[in-house]
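# Whatever this is, show me its structure:
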Amino acid sequence: MLDLKLDTEFGARVLQRLQSEPIIWLTTVNASGMPQPSPVWFLWETGSVLIYSKPNVPKLRNIARNPSVALNFDGNGQGGNIIVLTGTAQIEADAAPAHRVAEYAQKYGAYMARNGWSHEQFAQLYSVAIRVTPQDVRGH
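Numbering: from 1, shown residues only. As a prediction, the model looks like this:
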């Protein structure tokens with residue numbers, strides 16, 4: 001399990017961003033070994049990150065082939081506030097749909113509405129749950 005070292009400024013900043021940022025970049029690796037970054041919505045659930053995906057997309061095939069992934073936040077545009085987490089991803093076949101995960105629905109409800117989706121419509125479109133378990137974090 002990831003040790004955020006919450007007694008440090010960096011650890012506290014990592015936790016704050018995991019709890020509040022709307023977008024994180026999920027990087028998977030394709031069959032030829034090329035990194036494939038994708039911006040995704042996510043929910044931090046103490047020790048892991050929950051992401052919902054459309055079915056039959058490259059990132060799911062990449063995870064099935066190689067579960068090693070990276071997650072990172074945008075920096076501050078000046079080379080600071082860099083956070084990169086590395087770990088493993090797995091597809092969760094028995095996960096609750098997005099509209100039944102209250103924290104996820106609350107976090108992204110306004111974003112869903114702006115895209116013209118109800119919570120249920122979003123859950124139908126993004127029906128595959130991905131669970132990322134970070135094992136390391138670095139940055140500054």
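# Ramachandran coordinates for the residue nearest to the spatial centre of the chain?
Within the chain, one residue has its C-alpha closest to the average C-alpha position: by C-alpha atoms, centre = their mean, that is residue 42, at 4.2 Å. Dihedral pair for residue 42: phi -160, psi 160, per degrees, to the nearest 10.
# isn't it right next to residue 50, touching?
Yes. Contact criterion C-beta atoms under 8 Å: residue 42 and residue 50 qualify, at 6.5 Å. In short, each C-beta sits where N, CA and C put it, glycine included.
# So which residues of this structure form strands?
Counting by DSSP state E, one finds strands in the chain at the ranges 24-29, 35-40, 43-45, 48-53, 68-72, 83-92, 128-139.
# Tabulate those in TSV, adding columns for mean neighbour count, mean pLDDT and distance to residue 109.
Listed next are the strands of the chain as TSV, based on neighbours: other C-beta atoms under 10 Å; pLDDT from 0 to 100; distance: least, C-beta to C-beta, whole Å:
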stretch	mean neighbour count	mean pLDDT	distance to residue 109
strand 24-29	20	98	18
strand 35-40	14	98	17
strand 43-45	17	96	13
strand 48-53	22	98	14
strand 68-72	20	98	23
strand 83-92	18	97	22
strand 128-139	18	96	18
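# closest one to residue 5 among these?
strand 128-139 (8.9 Å; C-beta to C-beta).
# May I have that closest one exported as CSV, CA atoms only?
Extracted in CSV, the C-alpha atoms of strand 128-139 (Å, rounded to 0.1, in the frame of the first residue of the first chain):
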residue,chain,number,x,y,z
VAL,A,128,-16.1,-0.5,-16.9
ALA,A,129,-14.5,0.1,-13.6
ILE,A,130,-10.8,0.3,-13.3
ARG,A,131,-9.1,0.1,-9.9
VAL,A,132,-5.5,1.5,-9.6
THR,A,133,-3.5,0.6,-6.6
PRO,A,134,-0.6,3.0,-6.3
GLN,A,135,2.6,1.6,-4.9
ASP,A,136,5.0,4.6,-5.3
VAL,A,137,4.7,8.4,-5.5
ARG,A,138,7.3,10.9,-6.5
GLY,A,139,7.4,14.6,-7.4
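# Report the angle between that strand and strand 68-72.
In terms of direction (axes from the mean of the first three to the mean of the last three C-alpha atoms, to 10 degrees), strand 128-139 departs from strand 68-72 by 70 degrees.
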